[in-house]
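>>> Can you look at this prediction? I've put the sequence above it.
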Amino acid sequence: MKIFDNLQSYSSEKESILTIGTFDGVHIGHDKILNRLIEESKRNNLSSLVMTFFPHPRMILNKSHKIKMIDTIDEKIHLLEKTGLDNLIIHPFDDDFSKIRAKEFVEEILVKKLKIKQIIIGYDHKFGRNREASVEDLKKFGVDYMFTVNEIPAQEINSIAISSTKIRDAILNGEIEKCNKFLGRNFMLTGKVVHGNGIGKKINFPTANIEIKETYKIIPKNGVYLVKTKLNSNIYFGMMNIGVRPTIGGINKSLEIHFFNFKDNIYDKTISIEIINKIRDEEKFSSIDKLKIQLKKDEQFCLKLINK
């Protein structure tokens with residue numbers, strides 16, 4: 001898959017079939033659209049193309065809207081790459097882009113730049129300055145410029161919107177199994193392994209502290225979770241604590257993972273963590289010794305789940 005950081009950098013000799021969207025979560029609902037896009041591209045010898053935006057349009061058009069994203073942009077790239085897509089454009093959404101008139105968008109971008117022959121788009125899609133044009137307008141442009149519009153029906157679009165909302169709610173409530181069911185995969189967090197205060201090591205539960213630089217990334221409810229990751233081509237399971245570590249008087253939220261049967265040094269490495277299940281809420285214990293007893297119980301419970 002070729003990745004383009006903006007529309008201007010896009011180049012392809014082949015004509016294309018395009019879909020446009022934020023694709024946050026790249027979940028089961030999105031998979032249907034992406035599979036259709038790729039199948040049509042192969043059937044008609046076209047280049048399969050997704051155009052998405054960063055930042056999210058709502059972050060620009062409504063600056064007071066503090067939307068949290070299911071995936072970071074790097075996670076989204078990784079997930080889209082696995083679909084077999086040919087080309088991905090991640091265009092910077094800004095005020096200037098939002099003011100492009102509908103006719104100019106079709107003529108200069110869709111037809112001249114992207115060379116579209118087909119576009120797969122939602123029934124309620126609006127485009128152009130002040131959302132001036134609809135799918136019906138796009139179909140009329142298609143007649144003039146010789147491209148076809150494949151409309152995604154209301155039921156499918158509404159299902160995608162509902163799924164995205166349910167996924168966000170499930171993550172915030174710590175309902176990871178429900179979240180993963182809607183995603184059709186495990187929810188993931190990606191971050192850099194940084195140095196912590198070393199308390200985990202002192203109590204025989206050494207942890208990898210994960211720093212996520214993307215402030216827009218949604219983080220699950222505080223608690224203990226069963227997780228897994230791929231390191232040096234091997235799969236490792238572990239348990240992750242999300243929270244403030246109240247037993248040791250913590251204040252700031254942190255993400256700490258204790259990997260089972262793993263002793264390598266991974267400081268400064270960027271790793272992706274898949275969250276499988278929630279084990280329990282974060283608790284404040286009356287002593288470090290009682291925390292250690294609970295951590296041992298958590299570990300045994302996780303190992304039982306892994307070996308089911």
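Yes, it's here. Quick caveat: nothing in here was measured; it's all calculated off a predicted structure.

>>> low-scoring stretches of the stretch 51-200 of the chain, by residue?
Applying pLDDT under 70 to the stretch 51-200 of the chain picks out residues 63-65.

>>> if we go to 80?
Counting by pLDDT under 80, the stretch 51-200 of the chain has low-confidence residues at 58-66.

>>> Quick one: the strands in it, in order.
87-91, 116-122, 148-152, 187-194 (DSSP state E, counting those that start in this stretch).

>>> burial count for residue 55?
Neighbour count for residue 55, taken as other CB atoms under 10 Å: 14. Any C-beta I mention is one placed from the backbone N, CA and C, and that applies to glycine too.

>>> contacting residues for it?
With contacts defined as CB atoms under 8 Å, 6 or more residues apart in numbering, residue 55 is in contact with 92-93, 216.

>>> cutoff 7 Å now
residue 93 (CB atoms under 7 Å, 6 or more residues apart in numbering).

>>> gap between it and residue 267?
Counting by CB to CB, to the nearest Å, the gap from residue 55 to residue 267 is 30 Å.

>>> same check, this time on residue 116
Distance from residue 116 to residue 267, by CB to CB: 46 Å.

>>> These two: who's more crowded?
Neighbour totals were compared for residue 116 and residue 267, and residue 116 leads with 24 against 10 (other CB under 10 Å).

>>> As CSV, the strands of the stretch 51-200 of the chain with distance to residue 262 would be great.
Shown next, in CSV, are the strands of the stretch 51-200 of the chain (distance: least, CB to CB, whole Å):
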stretch, distance to residue 262
strand 87-91, 33
strand 116-122, 43
strand 148-152, 44
strand 187-194, 12
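
>>> So which of the ones you listed has the densest surroundings on average?
Mean neighbour count (mean count of other CB atoms under 10 Å) peaks for strand 116-122 among the strands of the stretch 51-200 of the chain, with a mean of 22.

>>> contacts for it?
Contacts of strand 116-122 with the rest of the structure, by CB under 7 Å, 6+ apart, involve 15-20, 33, 36-37, 40, 46, 110, 135, 138, 147-152, 157.

>>> Narrow the residues you listed to just the buried residues.
Neighbour-count burial (16 or more other CB atoms under 10 Å) is assigned, among these, to 15-20, 33, 36-37, 40, 46, 110, 135, 138, 147, 149, 151-152, 157.

>>> Share the number of residues neighbouring residue 25, please.
27.

>>> Just the pLDDT for it.
Confidence at residue 25, expressed as pLDDT, is 91.

>>> And residue 230, by the same measure?
In this prediction residue 230 is given a pLDDT of 95.

>>> Please report the distance of it from residue 262.
12 Å.

>>> And for residue 272?
Residue 272 is 15 Å from residue 262, by CB to CB.

>>> Next one: the nearest residue to residue 157 once chain neighbours are set aside from residue 151, what distance?
Nearest residue to residue 157, sequence neighbours excluded (CB to CB, 6 or more residues apart in numbering): residue 122, at 4.4 Å. The spacing between residue 122 and residue 151, counted by CB to CB, is 8 Å.

>>> What of residue 135?
According to CB to CB, residue 135 and residue 151 sit 6 Å apart.

>>> if I look at these two, which residues touch both of them?
With contacts taken as CB under 7 Å, 6+ apart, the residues that reach both residue 135 and residue 151 are 121, 123.

>>> Show me the helices in the stretch 1-150 of the chain, by range?
Taking DSSP state H, counting those that start in this stretch as the test, the helices found in the stretch 1-150 of the chain are 28-43, 57-61, 73-81, 95-98, 102-104, 135-145.

>>> Oh, that last question was meant for the stretch 151-300 of the chain, not what I typed.
Under the criterion DSSP H, counting those that start in this stretch, the stretch 151-300 of the chain contains helices at 154-172, 176-183, 199-202, 288-306.
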